[in-house]
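Asker: below is the sequence, then the predicted model.
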Amino acid sequence: MAADLSGPLAGSPLETSVLESLDMLERALSLQPTGHHRFRAGNERDRFGRLFGGQLLAQAVYAAARTVESHPPHSVHAYFVQTGASDTPVDIAVDVVRDGRSMATRQVTIAQGERTLLTAMASFHTNPDEPELARPHSEVPAPEDVPLLQHWVPRAGAEFGAHAQNWIDVPPALEMRIAEPTGFLGGDQTPDPRSHWMRLPRPIADDPALHTAMLAYASDYLLLDMALRNHPHRVDYSSIAAVSLDHSLWVHRPVRFDDWHLYTQETVALAGHRALIRGTIRDLGGHTVASTSQEVLIRPTGARTSPMS
C-alpha cells in the first residue's frame, strides 16, 4: 500500500466535515411526531443532487422501530420509488401489519408532498445469540492500514472533476477505508469482489435501533459502483445513467456501528440494464452482522433513466 495514502481521519481537515455530516444525519433521524405513527424529518446536506437512498433507509428503520416496543429490527425490504429534494422535509408514515409475541411487522412510506420516495416493509424479532455459524476470518489489512476513501480523490483524473472533490467537501457521515479507488474515482473494472471498512467517526447514543439505522444508511454506499466495477462491458459514469431500484438488509446480530465493520460486496447477476449486488457486513471479531442485496438500473446516457426520473 502506498505510504502517501495512509493517515488517520482524527485530526485531519476532513474530520470536521465528516463530523458535520454525522451531525446532520443524526438531526435527520430526530423524528418529530405529527400524528399516530406519523413523523416529519429533515435531511442530510445535498451530496448527489437528490436525497441519498441510505438516508431514507435509515429513517424508515428508525421510524418503524419507534412503533415497536419489545423487538429489535432484523430486516427491511425497500423500494426507491422517486427522487427527493434535500431542501424539503420528508413525511414518514408507519402502519402496523402485525404484532406478535416474538415478531412484529411494519409498513413504511416516506414522501414529500404527493411524491412517494420510498416504500418499505420492516420486520422485528427478539433473537437469542446462539447458535452461530462460524466463518473463517477474512484475510484483509486492518482498517488503520487502508487508505481513507477520500485519499484516492487527488489521484482521480481531471474528467472526474467536481464529483470526485464532492466526496471531500460533502463527505458521507462515515469513516470509510478502501484499498483501491472506486469507479467514480478512476478505479479499474474487474470481476472480483471488493471489501471496505466503515464505521461512524465518533460514538453515538447507546440505542440499538439507532445503530441499526446507521448501519442501514451505510449499507447503501458503493453497491451501484460495484455493479459498474464488475460490468462485462467498458462503462464509466459519463456514458451511463445508473440508479438504485431497491434495497434489502438483514440484521443477524446486535450492531455497534461506532466500531469497525468490513463490508464485502459482489455482483451476483447482470442481465440487460439491471444488476443485483450482494453484500456481507462483519465486525472486527469476524461475526457476520448483516447481509444486503440491491438491484440497480444501468442504462446508456440518452435512454430514459428510470422510474425514479
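Answerer: Received, thanks. Numbering: from 1, shown residues only.
Asker: residue nearest the centroid of the protein?
Answerer: residue 220 (2.4 Å; C-alpha atoms, centre = their mean).
Asker: could you pull out the strands in the stretch 101-250 of the chain for me?
Answerer: Ranges of strands in the stretch 101-250 of the chain, per DSSP state E, counting those that start in this stretch, are 103-112, 115-125, 175-178, 194-199, 240-251.
Asker: tell me which of those is the most buried.
Answerer: strand 175-178 (a mean of 24; mean count of other C-beta atoms under 10 Å). Every C-beta, even on glycine, is put in place using the N, C-alpha and C of the backbone.
Asker: what is it packed up against?
Answerer: Where contact means 3 or more C-beta pairs under 8 Å, 6 or more residues apart in numbering; DSSP states H and E, strand 175-178 is packed against strand 194-199.
Asker: neighbouring strands for the strand it packs on, and are they parallel or not?
Answerer: Paired strands of strand 194-199, with direction, are strand 175-178 (antiparallel), strand 261-271 (antiparallel) (DSSP bridges).
Asker: please identify the deepest-packed of these.
Answerer: Each of the strands paired with strand 194-199 was given a mean neighbour count from mean count of other C-beta under 10 Å, and the largest, a mean of 24, is that of strand 175-178.
Asker: and that one, what's its mean pLDDT?
Answerer: For strand 175-178, mean pLDDT is 97.
Asker: other residues contacting it?
Answerer: Around strand 175-178, the neighbours that count as contacts under C-beta atoms under 8 Å, 6 or more residues apart in numbering are 9, 18, 143, 146-149, 152, 194-201, 221-222.
Asker: can you say which of the strands of the stretch 101-250 of the chain is nearest to residue 260?
Answerer: Minimum separation from residue 260 across these (C-beta to C-beta) falls at strand 194-199, 4.9 Å.
Asker: now what about the closest one, what contacts it?
Answerer: Applying C-beta under 8 Å, 6+ apart, the contact partners of strand 194-199 are 138, 140, 143, 146, 149, 174-180, 218, 221-222, 226, 229, 257-266.
Asker: buried residues in the longest helix anywhere in the chain?
Answerer: The longest helix of the chain (DSSP state H) is helix 13-28. Residues of helix 13-28 classed as buried: 14-15, 18-19, 21-22, 24-25, 28 (neighbour count, 16 or more other C-beta atoms under 10 Å).
Asker: which strands and helices sit next to the very next helix or strand once past it?
Answerer: The helix or strand immediately downstream of helix 13-28 is strand 32-35, counting by DSSP states H and E. Contacts defined by 3+ C-beta pairs under 8 Å, 6+ apart place strand 32-35 against strand 38-41.
Asker: what is the strand it packs on packed up against?
Answerer: In terms of contacts (3+ C-beta pairs under 8 Å, 6+ apart), strand 38-41 is packed against strand 32-35, helix 53-65, strand 90-99.
Asker: and those as TSV, adding mean neighbour count, mean pLDDT and distance to residue 185?
Answerer: Output for these, formatted as TSV (neighbours: other C-beta atoms under 10 Å; pLDDT from 0 to 100; distance: least, C-beta to C-beta, whole Å):
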stretch	mean neighbour count	mean pLDDT	distance to residue 185
strand 32-35	10	98	37
helix 53-65	27	98	19
strand 90-99	17	97	30
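Asker: how about those in CSV, adding distance to residue 293?
Answerer: CSV is the format used below for these (distance: least, C-beta to C-beta, whole Å):
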stretch, distance to residue 293
strand 32-35, 32
helix 53-65, 13
strand 90-99, 22
